[in-house]
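J.: No sequence on hand, only this structure:
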């Protein structure tokens with residue numbers, strides 16, 4: 001065992017619905033806990049969170065770790081990750097000046113269109129082909145400057161949720177280049193001056209930027225009292241939850257594709273270059289270049305259909321498994337718009353092919369299949385851009401371990417799938433970042449701190465069926481876009 005991984009590492013993931021913590025030992029054993037918080041949703045695309053809830057959740061999750069037998073005095077180092085792009089403006093004292101605009105907030109659609117019209121290709125300004133969408137930082141910044149100019153005057157730093165937690169732990173406002181893309185240039189971490197100026201912000205609102213695995217600082221005495229961690233423990237800068245999962249799943253070492261299913265899905269593969277509608281992570285931000293995209297609704301679609309059917313989200317897969325042999329309706333999960341690969345906040349979900357004989361089981365099957373086919377849509381975009389087939393896919397999160405979900409994944413994804421046992425891979429990836437900060441290589445961290453996995457491959461008949469389902473899904477996606485266009489671009493039209 002490499003000495004560099006001979007420690008106990010704490011990963012903290014400030015997620016969309018909860019803060020998750022994972023105390024990981026060599027051999028991959030982890031003690032995990034979480035604590036949730038409320039998201040405020042209102043008309044006009046407003047989706048916000050109270051940053052103070054993240055502090056309460058972290059303290060509660062760490063207390064739960066202790067009740068499960070963890071000893072925080074053993075922690076060697078702390079790693080961070082979290083939801084992005086979620087805008088957290090803070091003042092010089094590190095206090096949030098308003099509620100956080102989460103990645104699901106779509107109020108900035110008009111500003112996104114204005115930025116796209118003004119700048120076109122953002123890569124010369126930002127260092128990556130960041131879509132000019134309401135989900136991303138530049139449009140959110142422009143919206144805030146236009147509608148809440150006092151917030152601009154009061155703000156010292158523009159942070160992400162894990163950066164605010166890092167500030168609480170160490171007293172230092174630091175971010176990594178990928179999480180702060182659009183605020184900084186991903187190639188060198190310097191402020192994206194032209195973009196910030198166009199959005200009404202000073203360049204010094206960009207925090208200090210360093211590699212995700214760099215040392216942010218150490219746990220202060222005040223933070224030790226607040227959260228129960230040992231003072232003086234090193235804390236890394238941290239990463240987006242998406243890239244932390246890529247690390248935890250071993251994709252950098254194996255070169256495999258990935259589908260990480262949570263509230264949304266994170267989908268892609270290690271690859272260089274550009275793909276329409278996808279993020280291109282350069283080698284300056286990760287151990288290897290990536291092409292990936294976040295969808296808008298994965299688990300969110302399951303929660304939606306569970307609500308309509310009067311059951312729990314956990315019951316939907318078993319219900320879907322009772323569906324008739326088909327054909328089932330085609331479902332596109334654009335319930336709140338779609339991010340990758342469409343980046344259209346106004347498009348809406350669609351269910352085609354409903355028949356009188358379809359009941360709750362068939363509808364549930366259609367929803368699960370549609371969410372997986374939305375992931376395949378992103379993987380297809382990677383393959384189309386690179387000209388190479390993705391032969392193996394890492395599958396984590398919602399659905400891993402459930403026979404019905406896994407059968408649908410094999411059928412729809414059309415490749416060998418490695419199923420991961422840890423449902424909290426982002427927090428595990430954050431713990432691996434802590435190990436890399438302490439001296440391990442990414443390969444060592446993955447080998448020594450990785451979770452248990454098993455793999456399966458679809459039969460040729462399943463691959464053929466998956467191709468037919470994917471082609472039908474793409475036609476349904478086109479129909480959803482055509483409906484939006486026929487409505488004059490008004491989702492409610």
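T.: Arrived safely, thanks for sending. Note that the coordinates shown come from a computational prediction; the quantities given were computed from them, not determined experimentally.
J.: Apart from its neighbours in sequence, what residue is nearest residue 433?
T.: Spatial nearest neighbour of residue 433, excluding adjacent residues (Cβ to Cβ, 6 or more residues apart in numbering): residue 79 at 3.8 Å. Quick note: C-beta positions are derived from backbone N, CA and C, even for glycine.
J.: Name the residues that touch whichever strand or helix holds the one you found?
T.: Element membership of residue 79, judged by DSSP states H and E, is strand 77-82. Residues outside strand 77-82 that contact it (Cβ atoms under 8 Å, 6 or more residues apart in numbering): 7, 9-15, 160-162, 165-166, 169, 179, 216, 219, 229, 233-241, 243-244, 426-427, 429-435, 437-438.
J.: Could you do stretch 37-52 as well?
T.: Identification of contacts with stretch 37-52 by Cβ under 8 Å, 6+ apart yields 16-19, 53-54, 56-57, 86, 88, 96, 99-102, 104-107, 109, 134, 161, 164, 345.
J.: Separate out the buried members of those.
T.: Among the contacts of stretch 37-52, the ones that count as buried by 16 or more other Cβ atoms under 10 Å are 16-19, 53-54, 57, 86, 88, 96, 99-102, 104-107, 109, 134, 161, 164, 345.
J.: what about the residue nearest to residue 433, distance to residue 312?
T.: Distance, residue 79 to residue 312, by Cβ to Cβ, to the nearest Å: 32 Å.
J.: coming back round to it: from the buried ones among the contacts of stretch 37-52, which land in helices?
T.: The helices, defined by DSSP state H, take in 53, 54, 57, 109, 161, 164 from these.
J.: what two of these are the furthest from one another?
T.: 57 and 109 (29.7 Å; Cβ to Cβ).
J.: Okay, buried residues for stretch 170-178 please.
T.: 170, 172, 173, 174, 175, 176, 177, 178.
J.: Can you lay out those as TSV showing pLDDT?
T.: Shown next, in TSV, are the buried residues of stretch 170-178 (pLDDT from 0 to 100):
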residue	pLDDT
170	98
172	97
173	97
174	98
175	98
176	98
177	97
178	96
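J.: follow-up on the earlier one: okay, residue 79 and residue 312: which has more neighbours?
T.: residue 79 (36 against 11; other Cβ atoms under 10 Å).
J.: separation between the more buried one and residue 326?
T.: Counting by Cβ to Cβ - residue 79 and residue 326 are separated by 44 Å.
J.: Just the buried residues of stretch 454-465, please?
T.: Of all the residues in stretch 454-465, those buried under the rule 16+ other Cβ under 10 Å are 458, 462, 465.
J.: wait, stretch 262-281
T.: 262-271, 275, 277-281.
J.: And stretch 61-81, by the same measure?
T.: Using 16+ other Cβ under 10 Å as the test for burial, stretch 61-81 gives 61-62, 64-65, 70, 72, 75-81.
J.: how long is that stretch end to end?
T.: Length of stretch 61-81, first residue to last, Cα to Cα, to the nearest Å: 15 Å.
J.: thinking in terms of the whole chain, how far from its middle is it?
T.: Computed by Cα atoms, centre = their mean, to the nearest Å, the chain-centroid distance of stretch 61-81 equals 23 Å.
J.: What of stretch 100-109?
T.: 15 Å.
J.: would residue 10 count as being in a strand?
T.: Yes. The assignment for residue 10 (DSSP: H, G, I helix; E, B strand; the rest coil) places it in a strand.
J.: Quick one: residues contacting it.
T.: Counted by Cβ under 8 Å, 6+ apart, residue 10 has contacts 21, 22, 23, 24, 72, 75, 77, 78, 79, 229, 431, 434.
J.: And it, what's its pLDDT?
T.: Residue 10 is assigned a pLDDT of 98 by the prediction.
J.: Bridged to it, which residues?
T.: Residue 10 has these beta-bridge partners by DSSP bridges: residue 23, residue 78.
J.: any idea how far residue 211 is from it?
T.: With distances taken as Cβ to Cβ, residue 10 is found 19 Å from residue 211.
J.: cool, residue 320 as well?
T.: 42 Å.
J.: Which of these two has more residues huddled nearby?
T.: Comparing residue 320 with residue 211 by other Cβ under 10 Å, the one with more neighbours is residue 320, at 26 against 19.
J.: per-residue confidence for that one?
T.: Looking at residue 320, its pLDDT stands at 96.
J.: what do you get for residue 2?
T.: Reported pLDDT for residue 2: 42.
J.: who touches stretch 245-253?
T.: 239, 256-258, 260, 266, 268-270, 286-288, 290, 292, 394, 396, 420, 422, 425-426, 428-429, 432-433, 442-443, 445-447, 450-451.
J.: To clarify, my last question referred to stretch 115-125.
T.: Outside stretch 115-125, the residues touching it (Cβ under 8 Å, 6+ apart) are 128-130, 132, 138-139, 142, 182, 185, 192, 194-195, 198-199.
J.: wait, residue 372 sits on residue 412?
T.: Yes. Contact criterion Cβ atoms under 8 Å: residue 372 and residue 412 qualify, at 4.1 Å.
J.: and those two? which has more neighbours close in?
T.: Counted by other Cβ under 10 Å, residue 372 and residue 412 do not tie: residue 372 has more neighbours, with 28 against 25.
J.: In contact with the more buried one: list those residues for me.
T.: 259, 408, 409, 412, 413.
J.: so who does the last one touch?
T.: What that stands for is residue 413. Contacts for residue 413 (Cβ under 8 Å, 6+ apart) come out as 259, 372, 375, 376, 379, 393, 395, 458, 466.
J.: For residue 386, see how far away the fifth one is.
T.: What that stands for is residue 379. On the measure of Cβ to Cβ, residue 379 and residue 386 end up 11 Å apart.
J.: who has more neighbours, the two?
T.: residue 379 (25 against 15).
J.: How confident was the prediction at the more buried one?
T.: Model confidence at residue 379, given as pLDDT, is 97.
J.: Of the contacts of residue 372, which is the nearest to residue 488?
T.: The closest of the contacts of residue 372 to residue 488 turns out to be residue 412 (Cβ to Cβ; 33.1 Å).
J.: Show me which pair in the buried residues of stretch 262-281 is furthest apart.
T.: So, the buried residues of stretch 262-281 by Cβ to Cβ: farthest apart are 263 and 271, at 25.1 Å.
J.: just for this protein, where's the confidence low?
T.: 1-4, 489-493 (pLDDT under 70).
J.: Pull the distance from stretch 216-226 to the chain's centre.
T.: Worked out by Cα atoms, centre = their mean, stretch 216-226 lies 27 Å from the chain centre.
J.: now the end-to-end length of it.
T.: Start-to-end, stretch 216-226 (Cα to Cα) is 18 Å.
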